[in-house]
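Participant: only geometry, no sequence info:
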RNA sequence: GUGGAUGUAGUUCAGUUGGUUAGAAUGCUGGAUUGUGGUUCCAGAGGUCGCCGGUUCAAAUCCGGUCUUCCACCCCA
């Protein structure tokens, strides 16, 4: 009995219709990346587990997909561990490879491994799938694409500003309204230092983030539960209730953090970034958000997160600065900063808002109706001329009923149908039908080419 | 990982307290219309009711397990 096949949960097939839209996103993003001087690299889907483990925190380690060793791996496994049935301890014995969890850590590995061939500052982009053994939900997949841009080997805050410009340009091109939220790990560290609880910073930000949802009282309650003293919570109050525009927030922060050197460095970095961004006069809404912590524990400076304004979905882009990611692999003093665009979530947002362009460079612009053997040969010659002019065109492969061929054109949303029968062949013309208006007229091939080009340019521009 | 929902033609969904041959809309195929699609009319095809097991004379319907999708938490793109 043939059972219906399936694919693992959280993974998807992409149909041509979907791929055209996805590629539109990828191409738009790539174009912006390249405009700012970033070049592509690719790394393998799997990495050594030693490269991946311990880089994403405890939570991240659990979400790594591990690959079983080849051969009869259990034979070589420790008998005691097998008897114990302790999966965690056994994993290191039977698996030494894993699927990449993001693109940043493999990139750090790449930089270290190729440090002698790389010119610093090194600016690269990377668009590839990553895998997480998460529980899937809407906008949360087990296999999804990240579009990373990073620059390593430069401490300049200009890089942070450049990334904000890139975010602005990408989402402007895709016509998505977004807010970019900005924070700085050093500010968070300063806050933690101030209340003497360096290890509690994640708990603190998680709790503060819930202010809108559960109210001040419950936030404080949660902080108490997490083990914070009442003095510490008192100190935190002005930070929890921080309001106003970015400049006001920064001013208040400065006041609270004046004794913390790290904290003040963070505030100063934020100030500089905001100053430059304001000078650029970009439309993008840039907001200081202290509740932005980001779980990935390698961030050390700026942290970014982008949210769509019109759709309820997790962040669609995120990133930050990491001072010592390559240090773990033995290359010291190489600071990097980067962000990652979540292509799948961007797709979901655009799909929900129905803001994909109807026509892209991938769409066919003209379909030739097939009337028979003589006619199709004639069309073939016309087609090569048309294609040479850079127009996507096709000839229906079978000489079937016209209704069927028209329906095909209609479904593929081809804007023009060309008909060349006996009379057209003799007259040396083409009957060109505009599928939108239904109008048709006899034109020359040159005419057809210019008409197609004109409408295509209009479509793509809109 | 924890808690909670969900699954019926390609798609969106009906389906009564378990009871004849499981329906609709839309889509699909063919025809009305042998050189004209998106409108209309007619006809047709399409379902082991997610999967496995149990209760029953009888299960889409009740029970258990499993998988999928979705929601909350967690985390994140």
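Facilitator: Structure received. Quick caveat: nothing in here was measured; it's all calculated off a predicted structure. Residues are numbered from 1 along each chain as shown, chains lettered A, B, ... in the order given.

Participant: lowest-confidence helix or strand of chain A?
Facilitator: Within chain A, no helix or strand scores below helix A:79-84, which has a mean of 68 by mean pLDDT, DSSP states H and E.

Participant: Beyond that one, next helix or strand please.
Facilitator: Next helix or strand after helix A:79-84 toward the C-terminus (DSSP states H and E): helix A:87-94.

Participant: Is stretch A:400-419 positioned near RNA strand B?
Facilitator: Yes: using Cβ under 7 Å from any atom of the strand, stretch A:400-419 reaches RNA strand B at A:401, A:402, A:403, A:404, A:406, A:407, A:409, A:410, A:411, A:419. Heads up, the C-betas are built off the backbone N, CA and C, glycines and all.

Participant: what's in contact with that stretch?
Facilitator: For stretch A:400-419, the external contacting residues (Cβ atoms under 8 Å, 6 or more residues apart in numbering) are A:358-359, A:363-371, A:379, A:382, A:396, A:430-436, A:440, A:448, A:451-452, A:455-456, A:459.

Participant: What of stretch A:323-339?
Facilitator: Contacts of stretch A:323-339 (Cβ under 8 Å, 6+ apart): A:51, A:55, A:104-105, A:107-109, A:111-113, A:115, A:120, A:148-155, A:159-160, A:163, A:166-167, A:298, A:300-302, A:304, A:317-322.

Participant: now do 6 Å
Facilitator: Contact partners of stretch A:323-339, identified using Cβ atoms under 6 Å, 6 or more residues apart in numbering, comprise A:108-109, A:111-112, A:115, A:148-150, A:152-153, A:155, A:159-160, A:163, A:298, A:300, A:304, A:317, A:319, A:321-322.

Participant: re earlier: where helices are concerned, which of the contacts of stretch A:400-419 count?
Facilitator: A:379, A:382, A:448, A:451, A:452, A:455, A:456, A:459 (DSSP state H).

Participant: ok, of those, which come out buried?
Facilitator: A:379, A:382, A:448, A:451, A:452, A:455, A:456 (16 or more other Cβ atoms under 10 Å).

Participant: Can you tell me which of those residues lies closest to residue A:202?
Facilitator: residue A:456 (51.2 Å; Cβ to Cβ).

Participant: quick one on the thing from earlier: apply the buried test to the contacts of stretch A:323-339 and list what passes.
Facilitator: So, by 16+ other Cβ under 10 Å, the buried ones in the contacts of stretch A:323-339 are A:108-109, A:111-112, A:115, A:148-150, A:152-153, A:159-160, A:163, A:298, A:300, A:304, A:317, A:319, A:321-322.

Participant: Tell me how many other residues surround the nearest residue to residue A:238 once chain neighbours are set aside.
Facilitator: Here the nearest residue to residue A:238 in space, its sequence neighbours aside, is residue A:256; by Cβ to Cβ, 6 or more residues apart in numbering that works out to 5.8 Å. By the criterion of other Cβ atoms under 10 Å, residue A:256 has 20 neighbours.
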